[in-house]
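Trainee: coordinates for the following, if possible.
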Amino acid sequence: MDRHRPIARQRGLLSALTAAALAVTGITALSSAARAADADLARNGGFESGLDGWTCTAGSTVNSPVRSGSSALQATPAGSDHAQCSQTVTVKPDSQYTLSGYVRGAYVYLGASGTGTTDVSTWTQSATDWQQLTTTFRTGASTTKVTIYTHGWYGTGTYYADDLSLVGPGVDTGQPPAAPTGLTVGTVTSSSVALSWSAVPGATGYAVYRDRVKVQTVTGTSATVSGLSAATAYSFQVAATNDTGESAKSATVTATTSAGSGGGSSDLPAHALVGYLHASFANGAGYTRMADVPDSWDVIDLAFGEPTSTTSGDIRFTRCPVTECPTVESDADFKAAIKAKQAAGKKVLISIGGQNGQVQLTTTAARDTFVSSVSKIIDTYGLDGLDIDFEGHSLSLDASDTNFKSPTTPVIVNLISALKTLKAKYGSKFVLSMAPETFFVQLGYQYYGTGKWGGQDPRAGAYLPVIHALRDDLTLLHVQDYNSGPIMGLDNQYHSMGGADFHLAMTDMLLTGFPVASDANNVFPPLRPDQIAIGMPASTNAGNGYVSPTEVNKTLDCLTRKTDCGSYATHGTWPGLRGLMTWSINWDRYGSWEFSRNFDGYFG
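Mentor: Numbering: from 1, shown residues only. Below is the predicted model:
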């Protein structure tokens, strides 16, 4: 950090000396005639329209503090990301411009790049109240676009910006195109909808919206929106674009995808309750015998299978010893209880990983060992499938791995290959589920791996390529909506644990889809509602993020019925939502079965 700050100080000093010299000599930067033709070229510089016009690695709009109007930018550097917000502006070549803005916070920068001459920036080390930053530059002889930006600094806390402007000669860029007409639905499948529309004069591209969210950009007059849920209604609009901006949206058309067989087990109940059973250890919740698990639980995940070493791929499942769990049943009774559960229509899976089980399949040999050792556990206990609960540092992305649709990182590629092999081995009834943390999934809306400029946590969004590659084989995804930091939702606001809104925002992202790393051309498609169960702690003892039964029911009401919704506006209604997952069955027993009793009462 210190290597960069002196440069900014020098630039700030030079700007101050230049301004002082001009004031003393009476010289003005621009003539009166030139000033009369100048314009503020920054779009939405006061952030009154949210982040419209801005691209931010981490940022949202707030209503307080603001310098003027009703909104301002708030951005928080995290890890190695300095929370930059930028905007590309059309300018005239060989022309003088003044960049200005008001900021608050520690180490806030304002600058311009791509000027064609000398890129400029100015900064403040500390601004406890609104402080104006100003710098000037001249464009190069062939420069037609510059990027203006503001950012903070690594680890120095939240900063605010408002009333940003770029004043100088304007450019006649014309008008945005007219709104497209003739939007028509073509071929509809269980997972895609084909669209076409009439060409718009002057348009250089088109933006496709699904349920009011931009999901695709194309240059032609047709597009196929894929990754949709079966038997689900969607609305679509199209807008035309050119260098000036985006047109108004077209009239709305609707389409309902056809029913599809989908992936995973087809004999789960319409609404399922999933829970983890502490089968290999004891803790404060105590040991629960398999035969004593109530019928409320439709999927029972045995926690946990763990590797002999991080990179071996050799997974072992060791049942809790008598010395640690005095009431543990024999292997014969355990297997008999599993068969009894299955006879009653329940699914019993082996869950791999957990907090202590770090699994990194760095080689194809480890991949093959994973397949054989997991198969042995499944066969030994007659299990229905596999749950992947990789946490910690099990999954991370190489710096060069930037596309979740085509991963290249060995631990990702080998895991995908191993899971596809297991699915093929055991057939269509094999139950495959995953229980990632929000850091590895929803955080991907803002960050993916190390990022374009490097320095981000390589684990950010690292589950996305695994989920995407296996979406047709995946029975259930139950993201852990607990032990999580604040996560930005599709409303570009941060959401924190403790109420229904957090679960609504996190689940809406999975069912709506989202641009990865804020790239509208790289969208993670939605999953089917029957593939989603919401992960919650069973009690206050089970983990951070517990919510009362009242908040659980609000979540279900809003997602499945569009009633009792809070401040977060979901992008659809999904009566086919599969259900809930909890950590854990043991903790629910410790809490007098509050979680499962509420689930039974809600779904009958």
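Trainee: for the rest of this, base every contact and every neighbour count on C-alpha atoms.
Mentor: Will do.
Trainee: list the buried residues in stretch 409-425.
Mentor: 409-420, 422-423 (16 or more other C-alpha atoms under 10 Å).
Trainee: and what of stretch 564-576?
Mentor: Quick answer for stretch 564-576 (16+ other C-alpha under 10 Å): 565, 568, 570-576.
Trainee: what's the span of that stretch, first residue to last?
Mentor: 18 Å (C-alpha to C-alpha, to the nearest Å).
Trainee: what of stretch 54-64?
Mentor: First-to-last residue span, stretch 54-64, C-alpha to C-alpha: 19 Å.
Trainee: quick check: which element contains R589?
Mentor: helix 585-590 (DSSP states H and E).
Trainee: actually L559, not the one I typed
Mentor: Judged by DSSP H and E, L559 forms part of helix 549-561.
Trainee: skip ahead from that helix and say which helix or strand is next.
Mentor: Once the chain leaves helix 549-561, the next helix or strand it forms, by DSSP H and E, is strand 579-583.
Trainee: pLDDT score for T310?
Mentor: Looking at T310, its pLDDT is 96.
Trainee: check contacts around L490.
Mentor: 505, 509, 514 (C-alpha atoms under 8 Å, 6 or more residues apart in numbering).
Trainee: what's near enough to touch L386?
Mentor: L386 touches 349-352, 430-433, counting by C-alpha under 8 Å, 6+ apart.
Trainee: may I ask which two of the residues you listed are separated the most?
Mentor: For these, the maximum inter-member distance is 15.5 Å, found between I352 and F430 (C-alpha to C-alpha).
Trainee: name the residue in those two with the higher neighbour count.
Mentor: I352 (27 against 24; other C-alpha atoms under 10 Å).
Trainee: T204: neighbour count?
Mentor: Neighbours around T204, by other C-alpha under 10 Å: 14.
Trainee: can you pull the pLDDT of it?
Mentor: Reading off the model, T204 has pLDDT 88.
Trainee: so what's G353 scoring on pLDDT?
Mentor: pLDDT at G353 comes out at 93.
Trainee: so it sits right up against E306, yeah?
Mentor: Yes. Applying C-alpha atoms under 8 Å, one finds G353 in contact with E306, separated by 5.6 Å.
Trainee: who touches both of those two?
Mentor: Joint contacts of G353 and E306 (C-alpha under 8 Å, 6+ apart) are V359.
Trainee: from E329, how far off is the residue nearest to the spatial centre of the chain?
Mentor: The structure's the chain has its C-alpha centroid closest to Q442; by C-alpha atoms, centre = their mean the separation is 2.6 Å. Q442 is 39 Å from E329, where distance means C-alpha to C-alpha.
Trainee: what comes into contact with the helix or strand that the helix holding R589 is followed by?
Mentor: Heading C-terminal from helix 585-590, the first helix or strand you meet, by DSSP H and E, is helix 594-603. Helix 594-603 is contacted from outside by 271, 273, 296-297, 538-539, 549, 553, 588, using C-alpha under 8 Å, 6+ apart.
Trainee: now do the buried residues in helix 594-603.
Mentor: Buried residues in helix 594-603, defined by neighbour count with 16+ other C-alpha under 10 Å: 594-596, 598-599.
Trainee: tell me the one among those residues nearest to Y447.
Mentor: So of the buried residues of helix 594-603, ranked by how close each gets to Y447 (C-alpha to C-alpha), first place is F595, at 33.1 Å.
Trainee: need the per-residue pLDDT for R11.
Mentor: For R11, pLDDT reads 36.
Trainee: scratch that, G157
Mentor: pLDDT, read off for G157, is 86.
Trainee: in this structure it contacts D81, no?
Mentor: No. In this structure, G157 is not within contact of D81 by C-alpha under 8 Å, at 11.4 Å.
Trainee: and those two? which has more neighbours close in?
Mentor: D81 (23 against 15).
Trainee: OK, contacts around that one?
Mentor: Per C-alpha under 8 Å, 6+ apart, neighbours of D81: 57, 153-154, 455-456.
Trainee: was I right about the residue nearest to the centre of the chain contacting A462?
Mentor: No. Contact between Q442 and A462 fails when scored by C-alpha under 8 Å: they sit 10.2 Å apart.
Trainee: all set, thanks.
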